[in-house]
Each structure stands twice: as C-alpha cells, then as structure tokens.
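Visitor: Can you look at this prediction? I've put the sequence above it.
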Amino acid sequence: MDKTTGFCKGYGFALFENLEDAKACILGMAKVNLDAGFARESFNSRLKSLGDPNSTNLYVSNLPKTVDEAQMAEIFRDYQTMSVRILRDDQGVSRGVGFVRFATHEICDQVIAEFNDKAVIEGHAEIQVRYADTYAQKTLKEATTRIRNFYVNEQKRALATNGLPEKVPTGPKLQQGGAKRWAGPTVVAS
C-alpha cells in the first residue's frame, strides 16, 4: 500500500509453508493472467548472510588524513587491538580509512557501539566503524556495481542514439528454485 496515496502498488508478498504450495500458487495465478514468481533475496540480506559471524576485523572510515597507525592505535587503546593499518595512496598519503583487528568478536561489538558515528578527534567529523567486508561481500558489491554501471552506460548510449537500451540478463532466472541461492517459498504477484 502506498502510504501517500493509499492505493495498492500492484504487487504483494506471500510466505508459504512449503515449496509445493508456492509453486501451485504461481501456476494458479498464471492461469488467470497474473504475473507471479519467487522473490529475490534483498541485496542487504544477501550481503549480511555473506558476513563472517566470528570476524575480529573492523573497518574505520572518515579518519582525518593526518591520522597514522600509532594515533589510531591510541584511539582504541582500551580495547585489545591485535593490529592496526591505515590505507594509503601511491604517494603514501592516508586515504582516511583503515582496519583494526581486535582480540575477540565481542570486543568488536563494544568498539562499534562506543565509536561508530562519534567524533574521536577534536575538530574533526565523526568516524564510521563497522565490520570489514569478507571476500564474498566484496565480490557481491563489485558485481552489483558492474551491473549497475552496465545499465547506466546502456541508458546513456540509448539516449545518445535515440534508441532503447537492450535488456541483458544479469543472473540466473529466479523461477521454480532455479537460482543459485533461493530465499524460501515467497511469492510475488504483480
């Protein structure tokens, strides 16, 4: 339901007890010319599922470019830091981001609660602290960015030639459990 207009948006979600009931619903809706299929797992949900629940590595961003490893270690001195690293460009200048590895996952949770969105250096903006991405999370973000860039470039090309962008499939079809990662028997009708 659109909260502004009060009208139906034209789609909905249903969660079924089992796969057979979901398939029967999809087939039944198709018989009356309604489009239905399995819902895709949201990007954020998928990203979270690819995280490491035991990670002890935090990503710290929005650091002043003057902060070095010693200063960052000092910020987190009351927590058991195992290593600290600032990312730098080719000239050795800080990129304003870094990583801190702690002794335990529980300490990481405390550090996030204590420091995320907090100004830790007087006169500077709040830092951002979160768990560092796993390799699988980085891969998903890169693939999503590539797909998004492809469609943006297709739209630009189409506008430049007064044509329509080609529709290119971006992954496996999400019908009848055919996806590599199936989120469950949720049905979307439109």
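Guide: Arrived safely, thanks for sending.

Visitor: how about low-confidence regions in this structure?
Guide: For the chain, residues meeting the criterion pLDDT under 70 lie at 1, 162-190.

Visitor: Helices of this protein, residue ranges please.
Guide: Counting by DSSP state H, the chain has these helices, from start to end: 19-31, 43-49, 69-75, 105-115, 135-161.

Visitor: So which of these is nearest residue 62?
Guide: helix 105-115 (11.0 Å; Cβ to Cβ). Where C-beta positions appear, they are placed from N, C-alpha and C, glycine not excepted.

Visitor: Near residue 47, how many other residues are there?
Guide: Using other Cβ atoms under 10 Å, residue 47 has 17 other residues around it.

Visitor: before we move on, what about residue 18?
Guide: Residues near residue 18, counting by other Cβ under 10 Å: 9.

Visitor: and if you look at residue 100?
Guide: Burial of residue 100 is recorded as 25 neighbouring residues (other Cβ under 10 Å).

Visitor: Quick check: beta-bridge partners of residue 83?
Guide: Counting by DSSP bridges, residue 83 is bridged to residue 101.

Visitor: so how far is residue 149 from it?
Guide: Here the criterion is Cβ to Cβ, to the nearest Å. By it, residue 83 lies 34 Å from residue 149.

Visitor: on that earlier part again, turn the helices of the chain into CSV, including distance to residue 95.
Guide: Listed next are those as CSV, based on distance: least, Cβ to Cβ, whole Å:
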stretch, distance to residue 95
helix 19-31, 47
helix 43-49, 22
helix 69-75, 13
helix 105-115, 19
helix 135-161, 16
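
Visitor: Which one, of these, ends up nearest to residue 6?
Guide: Across the helices of the chain, closest to residue 6 is helix 19-31 (Cβ to Cβ), at 24.5 Å.

Visitor: Flag every buried residue along the closest one.
Guide: 22-23, 25-26, 29 (16 or more other Cβ atoms under 10 Å).

Visitor: before we move on, the earlier item: of all the helices of the chain, which one is nearest residue 129?
Guide: Comparing the helices of the chain against residue 129 with Cβ to Cβ, the closest turns out to be helix 105-115 (4.8 Å).

Visitor: Identify each buried residue in that closest one, please.
Guide: Per 16+ other Cβ under 10 Å, helix 105-115 contains these buried residues: 107-108, 111, 115.
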